[in-house]
Structures are given as structure tokens and as C-alpha cells.
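Enquirer: A predicted structure for the sequence below; I have some questions about it.
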Amino acid sequence: MTIKIKQFVLLKRPVGVPVESNFSLKTETISGDLKENELHLRGIYYSVDPYMRGRMNGAKSYVAPFALNEPISGAVIARVVESKKSGLITGDFVFGQLPWATEMVVDSSSVRKIDVQIGKASDYLGVLGMTGLTAYFGLLKIGQPISGETVVVSGAAGAVGTIVGQIAKMKGCKVIGIVGSGEKEKLLKDRFHFDGMINYKSKDDLVHLIKNACPNGVDVYFDNVGGEISDAVIQNMNFQGRIVLCGQISLYNSKEIPMGPRIQPILLTKSILMQGFIVSNFTEQFPEGLAELSKWVKEGKIEAIETIIEGFENLPKAFIDLFSGKNVGKMMVMAKDIAL
């Protein structure tokens, strides 16, 4: 038996901001004859994430780059079409790092079954997936917020930022979110109850805006953005503040490394901790994080927000739109021919 599928490959490595011509949609035929422990899956939700931009370069990093003319892969929620694995049956939902393909045959060890009684399937790309774990471990293990402290989050209306802000509020902190539009400011205020919002596109001096929003200074800065936004926040950090270095989306498409202020004197004189991380640093603690996040979702203490683009063919566009801030919360693509 053969299966006709569509898949996206990386055709050319992007220079600067990716464009749709960097990708190619190809039709392929794969074997549907399953071996023991294999699964035939159909993709439902496909995650697009800023870190994937780094994988499109040829340079070595903490994760291997995408190969040219080979399928792009990322976090995918799929449904089992056929199973040769005990414990997985047709209709089950699974999560894994899977190719951008409409269907796929994989070894069952590459995916894990998800429980849609805890949260909806798409939550496992967001609050109950790597996004939620990134927010949980970055804030609580590195930022270590204390009730009454001020936490500033850049990219605050994004997938990680919205969860960071909600957890910080649960811990009794004052939370200030940095975003790029009035609509996102309203979202943070009305839906997530942030204590203050800053629009970095304002013509006012950003250092001054942060100072006004944080009259007692910044104790924890969760940095998803980097660049001039982070330069301004660091100017307002308190003694023994903590900087959680999660992402640098403002720099991912730079053709050369920009020169910024020398921050070491501030880190030194204020005894500031600045620590970068990737979520896999905490792999052994994932059960703890997932248990807490699942509990908070069930109790309604954390609310997930998603931007879902319909249509498998729109994957490249959705990914590109990340870099102009067109998403709120978790951005993903849903295969439009799937009825849930």
C-alpha cells in the first residue's frame, strides 16, 4: 500500500527575514505497510516557533540545522490512522517532533500519547507543551520571583509571554508586559490582568516608559526579544535582579550582529544574574512541570490563547508572520480537512 502525501522542504536558506520562496511544497509517495511498533499518522496541528529560524541557517547550534531539500520538522499534534503498537489505537492523539507533512509513518518511540481529557489537543503545542514548560522553568527555576517583586516580560502577548505573566501573577508579583500594539496592550490588561503594559513602538523614550511603569525597579526580566528593548529594561534592573534569557527574536533575522550597549558594568555593579536556557535543560523535571501546568489549567488559573491558521499550505506564511508580531499567544497551523 502506498500513501500520497504533501510535505514542505527547505529549498533555500533565508537571508534576513524568510520569504515563502525559501520553502517548497512537494507531493511524495510513501509506503503505508507498517512494521511492528510503527504508526501511520495524519497531522492535525503544526507548531511554528521562532527557534526554527536558527535551524534554517547552516551554522551549528544546540540543535542540528535543517537540511536543504529535506522536510522541515517541528512540534506536531497528529492522529493515529493505523497502529502496529500496543496501547495506541486508531483515533488516538499523539505529540512529537514530526515532519511538516500531511501524513507520515513513524516509529512509535518518536511520539507520546496525549490526554485530551486534561486539555484540548492544541494545548499540547502550547500551555501543556514545550511553550508552557519554557515559561514554567524559565520563570520559576531561573527568575525565582518572590511575592511583591516586579516582573517584566518582553514579547508579552506571545506564546511564552502570556503564560509567564499569568504564573508571575499567581506568585503575587507585579507584572509589566512589553508589546507592539494597542490591541495587545488591551489583551494583557483585560484578559490576563497584567498590572501595566508598555508599547515599544511608542515614540516616547523606552527607558523612561519602563521607569514610569516600574517605579520600584525591575526584579525579574523574562527576555523573549533582545535588542533595544532589553537594553532599556536592563537600565532599570534592581540590585540582585534576575534576567531570564529565553529568546532573541528581534535578532534572529539580522544579517550581521548589531552592536549594543556594554551591559557588563550594570550586571557587575548591581550583582545581576543573567542566564540563558533551552527547555531541554530541564528534561528530567518535565513531569513536575506538566503536573503543575495541568493542575492550573484544570483549575482555570492559566488561560491559553492561540492564533490558529487554517490550511496546511499556509505553514510557511504562518512561520514568517511570527517575525512581524501577527500572532497573539501560540501560533499554529491546523490542517483544514481534519474534523475534530
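Expert: Received, thanks.

Enquirer: would you mark the buried spots in stretch 243-255?
Expert: Ile243, Val244, Leu245, Cys246, Gly247, Gln248, Ile249, Ser250, Tyr252 (16 or more other C-beta atoms under 10 Å). Quick note: C-beta positions are derived from backbone N, CA and C, even for glycine.

Enquirer: tell me the one of the residues you listed nearest Thr307?
Expert: Ile249 (15.3 Å; C-beta to C-beta).

Enquirer: before we move on, back to that, so which of the buried residues of stretch 243-255 belong to strands?
Expert: Secondary structure defined by DSSP state E assigns Ile243, Val244, Leu245 of those to strands.

Enquirer: now the helix or strand hosting Thr307: mean pLDDT?
Expert: Using DSSP states H and E, Thr307 sits within strand 306-310. Averaging pLDDT along strand 306-310 yields 95.

Enquirer: quick one: that strand to chain centroid distance?
Expert: A distance of 14 Å separates the centroid of the chain from that of strand 306-310, by C-alpha atoms, centre = their mean, to the nearest Å.

Enquirer: which residues touch that strand?
Expert: 45, 122, 126, 317-318, 326-334, 336 (C-beta atoms under 8 Å, 6 or more residues apart in numbering).

Enquirer: buried subset of the residues you listed?
Expert: Looking at those with 16+ other C-beta under 10 Å, the buried ones turn out to be Tyr45, Ser122, Gly126, Ala318, Asn327, Val328, Gly329, Lys330, Met331, Met332, Val333, Met334.

Enquirer: thought Ile5 was touching Ala101, still the case?
Expert: Yes. Between Ala101 and Ile5 there is a contact under C-beta atoms under 8 Å: 5.2 Å.

Enquirer: what separates the residue minimising distance to the centre of the chain from Leu293, distance-wise?
Expert: Centre of the chain computed as the mean C-alpha position; nearest residue by C-alpha atoms, centre = their mean is Thr131, 4.8 Å away. When distance is defined by C-beta to C-beta, to the nearest Å, Thr131 is 10 Å away from Leu293.

Enquirer: what about the worst-scoring helix or strand of the chain on mean pLDDT, distance to the chain center?
Expert: Least confident helix or strand of the chain, by mean pLDDT, DSSP states H and E, is helix 52-55 with a mean of 91. The chain centre lies 12 Å from the centre of helix 52-55; the measure is C-alpha atoms, centre = their mean.

Enquirer: now do stretch 110-126
Expert: Distance, centroid of stretch 110-126 to centroid of chain: 16 Å (C-alpha atoms, centre = their mean).

Enquirer: over to stretch 307-322?
Expert: For stretch 307-322, the distance to the chain centre is 14 Å (C-alpha atoms, centre = their mean).

Enquirer: over to stretch 18-25?
Expert: So, by C-alpha atoms, centre = their mean, the centroid of stretch 18-25 is 21 Å from its chain's centroid.

Enquirer: I'd like the average pLDDT over stretch 322-340.
Expert: 81.

Enquirer: next SSE after the strand holding Thr307?
Expert: Using DSSP H and E, the helix or strand that follows strand 306-310 towards the C-terminus is helix 315-321.

Enquirer: how about that following helix: buried residues?
Expert: So for helix 315-321, counting by 16+ other C-beta under 10 Å, buried means Leu315, Pro316, Ala318, Phe319, Ile320, Asp321.

Enquirer: and the closest residue to the fourth one other than its chain neighbours, what does it touch?
Expert: Ranked by C-beta to C-beta, 6 or more residues apart in numbering and with sequence neighbours excluded, the top spatial neighbour of Phe319 is Val48, at 4.1 Å. Residues in contact with Val48, defined by C-beta under 8 Å, 6+ apart, are Gly74, Leu315, Ala318, Phe319, Leu322, Met331, Met332, Val333.

Enquirer: with distance to Met170 added, can I get those residues in CSV?
Expert: CSV is the format used below for these (distance: C-beta to C-beta, whole Å):
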residue, distance to Met170
Gly74, 29
Leu315, 34
Ala318, 30
Phe319, 31
Leu322, 27
Met331, 24
Met332, 25
Val333, 30
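
Enquirer: return the closest of these with respect to Ile178.
Expert: Leu322 (16.7 Å).

Enquirer: count of neighbours near the closest one?
Expert: Residues contacting Leu322 under the criterion other C-beta atoms under 10 Å number 21.
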